[in-house]
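Engineer: Quick one: sequence and predicted model below, then my questions.
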Amino acid sequence: MLPAETITGGWSLSITSASLTATTTTVSSSVNPSTTGQGVTFTAGVTSSGSPVTSGTVTFTEGATTLAANVAVNGSGNAGFTTSSLPEGNHVITATYNGTATFATSNNSVNQRVDNATTVNGNTFCNTGPIAVKPGSATPYPSHISVSALGGQVGKVTAQLKNVSHQFAEDIDALLVGPNGANSVVLVSDAGNGSAATSNVSITFSDTAAGSVPATGAWGAANSSVSARATDYAPAGAADAFPAPAPLSFGASAPTGTATLASAFAGTSPNGTWSLYIVDDGAPDTGSIAGGWCLTVTPMASLATSASGSVAVGGQVRDTAVLSGGQSPTGSIVFSLFGPDDATCSAAAVFTSSAVVVSGNGSYDSPSFTPTAPGTYRWRASYSGDANNLALAGACNAANESVSVHAGVVGYRDRVRLGPRAAGARGRPGRRSDAHRFRAARRARGGLA
């Protein structure tokens, strides 16, 4: 038997690996934002030094969830998949090129926004998707409503949260942000408490509501619909906080601040994407806004007016109002004339028209009126408004609304100069035969050269 031997120095292994060629992956979506139930195709492009990589596979994921695995790249270096199952909210979709024996792995992501389709009923726009309220940001965050095809500017807006339930509603903070991202108001914060749960309450926020959301107890009786002004009870030193992408600064409503729906949005464009940010600033209670939310927008139409020109006493005056920017306006316009020389329009009007029926944006004329005394007269026009448009009233001494009525006898010469319609004569306006006969008679008497 041979004596035992040892390898006292141990051993080693040298491995030389071939370096892999670097790759770059991009990812895009066919439509972004999309709506729930809409098919969206995600496409990954894989290149190396600017040239397509035509071998290998791509896996698409959202967080830890695999959406499509090992999708082969094609001859253009692209791989894709289509889905229509993404729920409302933000989705970070990652495409990972899995690499080969010669090409290294790489990945990239796209943020896909999915919104519930906005339902429209007149001037009311709704997102009926439920909102899950949990400690921190709600899901979705934010929830969107798309407003389009409204004319003019915002006159009034109300917001409704539908079917709100929460064991401790004081935890709910809600921020409404307009389409430009700069105008906002806190709808509710720190209202109610755990002494009574809020159960299936639909609440409409309106500047004309009788009161605020209760500071304690439920927001309303179970299964009820209530109205309230925007209400922010955020305690001193504990201001509301809404994580990005909510704006850093926002309008706090009373009693914490002074912002209202009107101060936030009146005079702005209504069209675009409105955002509702919901935060639960306490734990462990949760809740929901099961019916989603709605906006009702009343446009602010405009009324431009212009009076007829100056006339002599006995001539006729009238006013014209041009209504624009309204949402298929109906209702009526009433014209009032003040004077003579009533600079504040404080006395009784000398003439008030019957209601002139409005049927859409356009120009509307008052009936004619014949002043009986000289002086300066001032017109005012008032639009009644309707379910979709706010009422409008012209101001005393508005531009182009004054008409001068000068003294003078309306005789034969005035009838020739003004025309019989203005002077109250018979016949066709400006009949030349009458004028010729008048001048001929004066010449015969030697009174007209």
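Structural biologist: Looks like it came in fine. Numbering: from 1, shown residues only.

Engineer: tell me the domain boundaries of the chain?
Structural biologist: With domains defined by automatic domain parsing, the chain comprises 24-115, 119-298, 302-406, 412-444.

Engineer: Any idea how far apart the tips of the second one sit?
Structural biologist: Which is domain 119-298. 17 Å (Cα to Cα, to the nearest Å).

Engineer: any idea how far it is from the chain center?
Structural biologist: Centre-to-centre, domain 119-298 and its host chain are 15 Å apart (Cα atoms, centre = their mean, to the nearest Å).

Engineer: for stretch 381-400, same thing?
Structural biologist: On Cα atoms, centre = their mean, the centre of stretch 381-400 falls 22 Å from the chain's centre.

Engineer: That stretch: which residues count as buried?
Structural biologist: Residues of stretch 381-400 classed as buried under the neighbour-count rule (16 or more other Cβ atoms under 10 Å) are 381-386, 388-390, 392, 394, 396, 398. No exception for glycine: its C-beta is placed from N, CA and C like everyone else's.

Engineer: Now for the most centrally placed residue in the chain: which residues touch it?
Structural biologist: Residue closest to the mean C-alpha point of the chain, counted by Cα atoms, centre = their mean, is Pro270 at 2.6 Å. By Cβ atoms under 8 Å, 6 or more residues apart in numbering, the contact list for Pro270 reads Val147, Leu150, Gln153, Val154, Val157, Pro179, Val297, Pro299.

Engineer: any chance of those residues in TSV, plus distance to Ala197 and pLDDT?
Structural biologist: What follows is these, written out as TSV (distance: Cβ to Cβ, whole Å; pLDDT from 0 to 100):
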residue	distance to Ala197	pLDDT
Val147	33	96
Leu150	37	87
Gln153	40	87
Val154	35	92
Val157	29	96
Pro179	34	96
Val297	32	94
Pro299	38	84
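
Engineer: So which of the buried residues of stretch 381-400 sit within strands?
Structural biologist: Among the buried residues of stretch 381-400, the members falling in strands (DSSP state E) are Ala381, Ser382, Tyr383, Leu392.

Engineer: What lies in contact with stretch 7-23?
Structural biologist: So stretch 7-23 is in contact with Val46, Thr47, Ser48, Ser49, Val53, Tyr97, Gly99, Thr102, Phe103, Ala104, Thr105, Ser106, going by Cβ under 8 Å, 6+ apart.

Engineer: Quick check: mean pLDDT of it?
Structural biologist: Mean pLDDT, stretch 7-23: 77.

Engineer: Can you lay out the domains of the chain as JSON lines showing distance to Trp11?
Structural biologist: Formatted as JSON lines, the domains of the chain follow (distance: least, Cβ to Cβ, whole Å):
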{"stretch": "domain 24-115", "distance to Trp11": "28"}
{"stretch": "domain 119-298", "distance to Trp11": "56"}
{"stretch": "domain 302-406", "distance to Trp11": "86"}
{"stretch": "domain 412-444", "distance to Trp11": "121"}
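
Engineer: Of those domains, give the one that comes closest to Glu5.
Structural biologist: Nearest to Glu5, of all these, is domain 24-115, at 40.8 Å by Cβ to Cβ.

Engineer: Compute the first-to-last residue distance for that closest one.
Structural biologist: Rule used - Cα to Cα; the end-to-end distance of domain 24-115 is 30 Å.
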